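Chemist: just a sequence and a predicted model for now, questions to come.
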Amino acid sequence: QAVKLPNVTILATGGTIAGTGATSTTTVGYTAATVGVQALIQAVPEITKVANVSGEQVFQIASENMSNEHWLTLAKRVNVLLSQPNVDGIVITHGTDTLEETAYFLNLVVKSRKPVVVVGSMRPSTALSADGPINLYNAVQLAGSQAAVGRGVLVAMNDQIHAARDVTKSNTTTADTFRTAELGMVGYLQGGKPFFYRDVTRKHTVETEFDVSKLDVLPQVDVAYAYANVGDVAVKALVAAGAKGLVHAGVGNGSLPAKTKPALVAAREKGVVIVRSARVGQGIVARNGEANDDQLDFVVSDTLSPQKARILLMLALTKTSDTKDIQRMFYTY
Ligand SMILES: NC(=O)C[C@H](N)C(=O)O
């Protein structure tokens, strides 16, 4: 008796996985986002043996150009597709530079338990040992698997499975760049099969309070980065440019340099929501640790990186501007 294959839709957005270089040894200085979704699928005929695959070209961009508007378009398409009984899972091909951000955004706004897998590559399709084909094969297997149901948005790269909330790109160019350093990846892909070992305990997808179905824009939220000798120029400029929320990528445990703090306090007094995060990359930013958040009416990012804190703050601001409620969200998602 023939086995029924899962139906997996591949949504292509560009990136290096769709990139081409001049020669087989061109691994930098290639052009991202040139190969179309049908060509991506045809390059991996093996996937048609493990899933009924269909492809849609949603965008064709390098992921450094990903925008809030792209995210809203993509999320709406994912939700429409997943509401159809004939779609079992979705793979999104994506550039790696902002892949973790798109994955976390979708993790908060996809309203389905069906698998959503984000995948990219570090070498263009024309390179020796291009990693795109095996990554795509693994991603399709994962998106079609029962084991991936209900786990939130997953990232499949380099034979590893990572949860969207905690994964980050950690190396500029190597194939093993995606890491969930201290908290740990959730599983492996081996022989085309997923093996899971852990779950993220933070809420995602169907358990979140966010709904983007009627949104065309997201509130403006920006990141101000801290370093020795930093002043208040960036914070003031971002507020003047209309930011409704600001993520401060502080040093250490989210510390606020004395020359920056007054501008953040003034921004909060004007109604801008301030989230204290850390540029460190690991660990919890302690509430009332390096700053008196209760008194300043600031929010802390918990363990979210500044770029992911920006995403949660944007979505939070679509629901409320109450900082207590926003702090609750940062401890929930
Ligand atoms: N490896 C990559 O995909 C990098 C590329 N700049 C992108 O993010 O689209």
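Modeler: Here it is on my side, so go on. Residues are numbered from 1 along each chain as shown.
Chemist: quick one, phi/psi of residue 86?
Modeler: phi -90, psi 10 (degrees, to the nearest 10).
Chemist: for residue 133, that is, sorry about that
Modeler: Torsion angles, degrees, to the nearest 10, at residue 133: phi -60, psi -50.
Chemist: and the protein, which of its residues are near the ligand?
Modeler: Within the chain, the positions near the ligand by Cβ under 6 Å from any ligand atom are 15, 16, 32, 62, 63, 64, 95, 96, 97, 120, 122. In this view, the C-beta of every residue, glycine as well, is placed from N, C-alpha and C.
Chemist: ok, now with 8 Å
Modeler: Taking Cβ under 8 Å from any ligand atom as the criterion, the neighbours of the ligand within the chain are 14-17, 19, 32-33, 61-64, 94-99, 120-123.
Chemist: in ChimeraX, how would I select just the buried ones from these?
Modeler: Of the residues of the chain next to the ligand, the buried ones go into a single ChimeraX selection, burial set by 16 or more other Cβ atoms under 10 Å:
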select :14,15,16,17,19,32,33,61,62,63,94,95,96,97,98,99,120,121,122,123
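Chemist: and the residue nearest to residue 56 when sequence neighbours are not counted, how far is that from the ligand?
Modeler: Among residues not flanking residue 56 along the chain, residue 11 sits closest, at 5.4 Å (Cβ to Cβ, 6 or more residues apart in numbering). According to Cβ to the nearest ligand atom, to the nearest Å, residue 11 and the ligand sit 15 Å apart.
Chemist: ok, residue 156 next?
Modeler: Using Cβ to the nearest ligand atom, one gets 14 Å for the distance from residue 156 to the ligand.
Chemist: ok, the helix or strand hosting that residue: who's next to it in the sheet?
Modeler: Residue 156 is part of strand 154-157 when elements are defined by DSSP states H and E. In the sheet, strand 154-157 lines up against strand 116-119 (parallel), strand 160-163 (antiparallel) (DSSP bridges).
Chemist: export these to CSV and append columns for mean pLDDT and mean neighbour count.
Modeler: As requested, the strands paired with strand 154-157 are exported to CSV (pLDDT from 0 to 100; neighbours: other Cβ atoms under 10 Å):
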stretch, mean pLDDT, mean neighbour count
strand 116-119, 99, 29
strand 160-163, 98, 24
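Chemist: just the helices from the stretch 201-333 of the chain, written as ranges.
Modeler: For the stretch 201-333 of the chain, helices defined by DSSP state H, counting those that start in this stretch occupy the ranges 233-240, 261-269, 293-296, 306-317, 323-330.
Chemist: wait, which of the ones you listed is closest to residue 155?
Modeler: Residue 155 lies closest to helix 306-317 among the helices of the stretch 201-333 of the chain, at 12.8 Å (Cβ to Cβ).
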